[in-house]
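Chemist: Next input, structure requested:
(one chain, ligands or ions: 3)
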Amino acid sequence: QQTEKAQKVEGSFEISLPGAEMGKVCTRFPPEPSGFLHIGHAKAAFLNEYFARKYGGKLIVRFDDTNPSKEKDEFVTNIMQDLETLEIKPDEVTYTSDYFPALMEMAEKLIKEGKAYVDDTPREVMQKERMDGIESKRRNQNVEENLALWKEMVAGTKRGLSCCLRGKLDMQALNKTLRDPVYYRCNPEEHHRVGSKYKVYPTYDFACPYVDSTEGVTHALRSSEYHDRNEQYYRILADMGVRPVHTWDFSRLNFVYTLLSKRKLQWFVSQGLVEGWDDPRFPTVQGMRRRGLTVEALRRFILSQGASKNLNLMEWDKLWTINKQIIDPVCPRHTAVLKDGKVPLTLRDGPETPFIRIIPRHKKFAGAGKKATVFANTILIDKADAEAIHEGEEIDREGDKVTGLSGVLHLEGSVKTTKLKLTWLADHPELVDLNLVELDYLIRKEKMEEEDELLNVLNPVTKIEVAAVGDSNMRNLAKGEIIQLERKGYFICDAPYVRSTSPIVLISIPDGRQRPR
Ligand code: ATP
Ligand code: MG
Ligand code: MG
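Modeler: Ligands and ions are numbered 1, 2, ... in the order given. A predicted model of the protein is given here:
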């Protein structure tokens, strides 16, 4: 605790791994290819990369593909792309499935040594027995019986399919993860890489220690929910008789109003509730990028949490505030006026014919380039701005509604000294149509609990689209370009200009102040 605090003050992320030697550290990031990477995975990936580089060591990205029912090539491809986006460069990319033959041999060796047995206790009963410390009636059957049943499992026979392989560890251990965990289970489905060659697949508990040890991993970083399993991990390595590996825990990342489970995200995709895994409402790397999050902000945010092991529920605000600090100094400024209720303001002394001035797209950052601003004697302003005008101007009204204004043009006015600020656009045919998209959390529950039914917590409205017109320069926005709309906030271009009949789609980027609810 003390040292953790001291280290935090010193630098945002100066932590060490136990027993780490310069040049000899090897870490691994082991995503299961059952979805795209989300912000929790990004944390794990950044940490593994951080330590590999800090010690001049090696980073392995290992696809943990041991469950054919959930995994696909499409996810492998997208995870590789996500890692590239995060600027994480693995020294090696491997697959747990590469080790299937070796893992089968290891399983057989453990059976022969009396360290594993085949059990056909039904799943629920087994769960209960593990809780209560009751030994399975199969626990002490002899090696021959175990080998015979193992053969049935490997062949995927009817008898085999009713069995699983369990480690013979310690049914009385206080740490329940040691109560004979499952090592292998049957699955007749086809595997995305190895096809239908196998009918049995290793569990994470069994495969992970073996592959870590075999690949030369020195430090296995695991999120804190695995903490209780560390003892089991060491025990299984010892039973296998392979090189020991250090483990190091970090806290699992959780966010308010957010699901970070690939299974649940997959449900949203399958139900058509989102556009796909890259939906900007998703906490995936691709989704957050589409929403306007920079990789730099993500990295800073994650590294700023340091090595804290607190399991806390994070607010999104902090991350978006960091992001704003990164985008604000460089992103170009543009202007938009909402279509609904926009009010024309006629300038009595405005220019007879419109004229153009070329001005910077960002007052303090020349790198943002320039834009053309049109001045004319009729300008458009937002309804809200028009309604804030009370005196000194001529106001046309229809009931309470302001329908027109007239005023005087002060080109030399300053935003700083002017009390009443207006966002305006010269009314002329070159204006472009915009679709401003405001997004909200997908769920209404701040912190999801195990028993919460997804269907009961869905947020009914998660997307609000508002039509606007914008300055003609926005025709040149590229997909993914981030801008600020004067007095409206930050936006990212999701669909650039193609033709005048379809609007440019701009997604609002949270800035850490306005809560999207
Ligand atoms: P999910 O429930 O989303 O499928 P998982 O833990 O099963 O998550 P994996 O693909 O197996 O997903 O995880 C790869 C790595 O990412 C693991 O090391 C895991 O600990 C880590 N990880 C996953 N989710 C989080 C999270 N929310 N916070 C921190 N690390 C995480
Ligand atoms: Mg997993
Ligand atoms: Mg999971």
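Chemist: any low-confidence regions in the stretch 351-500 of the chain?
Modeler: 390-393, 409-417 (pLDDT under 70).
Chemist: So which residues on the stretch 151-300 of the chain come close to ligand 1?
Modeler: Arg222, Ser223, Arg252, Leu253, Leu260, Ser261, Lys262 (CB under 6 Å from any ligand atom). The C-beta positions use only the backbone N, C-alpha and C, and glycine is treated the same way.
Chemist: Does Leu47 touch Phe250 like I think?
Modeler: Yes. Applying CB atoms under 8 Å as the test, Leu47 and Phe250 come out as touching, 5.7 Å apart.
Chemist: what touches both of these two?
Modeler: Shared contacts of Leu47 and Phe250, defined by CB atoms under 8 Å, 6 or more residues apart in numbering, are found at Leu221.
Chemist: So which of those two has more stuff around it?
Modeler: Set Leu47 next to Phe250 and count neighbours by other CB atoms under 10 Å: Leu47 wins out with 22 against 19.
Chemist: what sits against the more buried one?
Modeler: Leu221, Phe250, Ile302.
Chemist: So this protein: which segments form each domain?
Modeler: 2-250, 333-509 (automatic domain parsing).
Chemist: Packed most tightly, which of those would that be?
Modeler: domain 2-250 (a mean of 18; mean count of other CB atoms under 10 Å).
Chemist: And Gly56, how close does it get to Glu21?
Modeler: Taking CB to CB, to the nearest Å as the measure, Gly56 falls 10 Å from Glu21.
Chemist: Checking Gln266 next. Helix, strand or coil?
Modeler: helix (DSSP: H, G, I helix; E, B strand; the rest coil).
Chemist: Contact partners for it?
Modeler: So Gln266 contacts Ser34, Gly35 (CB under 8 Å, 6+ apart).
Chemist: Check the chain for the residue nearest ligand 1 and tell me.
Modeler: Gly40 (2.2 Å; CB to the nearest ligand atom).
Chemist: then whichever helix or strand that residue is part of to CSV, C-alphas only?
Modeler: Using DSSP states H and E, Gly40 sits in helix 39-54. Taking C-alpha atoms only, helix 39-54 is exported to CSV below (Å, rounded to 0.1, in the frame of the first residue of the first chain):
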residue,chain,number,x,y,z
ILE,A,39,-11.1,-1.1,-23.2
GLY,A,40,-10.5,-3.7,-20.6
HIS,A,41,-8.4,-5.7,-23.1
ALA,A,42,-6.6,-2.5,-24.0
LYS,A,43,-5.5,-2.1,-20.4
ALA,A,44,-4.2,-5.7,-20.3
ALA,A,45,-2.4,-5.2,-23.7
PHE,A,46,-0.8,-1.8,-22.6
LEU,A,47,0.4,-3.3,-19.3
ASN,A,48,2.0,-6.3,-21.0
GLU,A,49,3.6,-4.1,-23.6
TYR,A,50,4.8,-1.7,-21.0
PHE,A,51,6.7,-4.3,-19.0
ALA,A,52,8.1,-6.0,-22.0
ARG,A,53,9.6,-2.7,-23.2
LYS,A,54,10.6,-1.5,-19.7
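Chemist: related to what we said a few turns ago, kindly reformat the residues of the stretch 151-300 of the chain next to ligand 1 as CSV containing secondary structure.
Modeler: Compiled in CSV, those are given as follows (three-state DSSP):
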residue, secondary structure
Arg222, strand
Ser223, strand
Arg252, coil
Leu253, coil
Leu260, coil
Ser261, coil
Lys262, helix
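Chemist: And those residues, which of them are buried?
Modeler: For those, a burial check counting by 16 or more other CB atoms under 10 Å picks out Arg222, Ser223, Arg252, Leu253, Leu260, Lys262.
Chemist: The residue of the chain closest to ligand 1 touches Arg252, doesn't it?
Modeler: Yes. Between Gly40 and Arg252 there is a contact under CB under 8 Å: 6.6 Å.
Chemist: and for the two, which residues touch both?
Modeler: Ser223.
Chemist: Cross-check the contact I'm expecting between Ile236 and Ala207.
Modeler: No. Taking contacts as CB under 8 Å, Ile236 lies outside contact range of Ala207: 10.0 Å.
Chemist: picking that back up, can you tell me if the helix or strand just after the helix holding Gly40 touches ligand 1.
Modeler: Sequence order places strand 58-63 as the next helix or strand after helix 39-54, per DSSP H and E. No. Contact of strand 58-63 with ligand 1 (CB under 6 Å from any ligand atom) is absent, the minimum separation being 9.0 Å.
Chemist: does any bit of the helix or strand just after strand 58-63 sit next to ligand 1?
Modeler: Next in sequence after strand 58-63, counting helices and strands by DSSP H and E, comes helix 73-85. No. Shown here: helix 73-85 not in contact with ligand 1 (CB under 6 Å from any ligand atom), separated by at least 8.5 Å.
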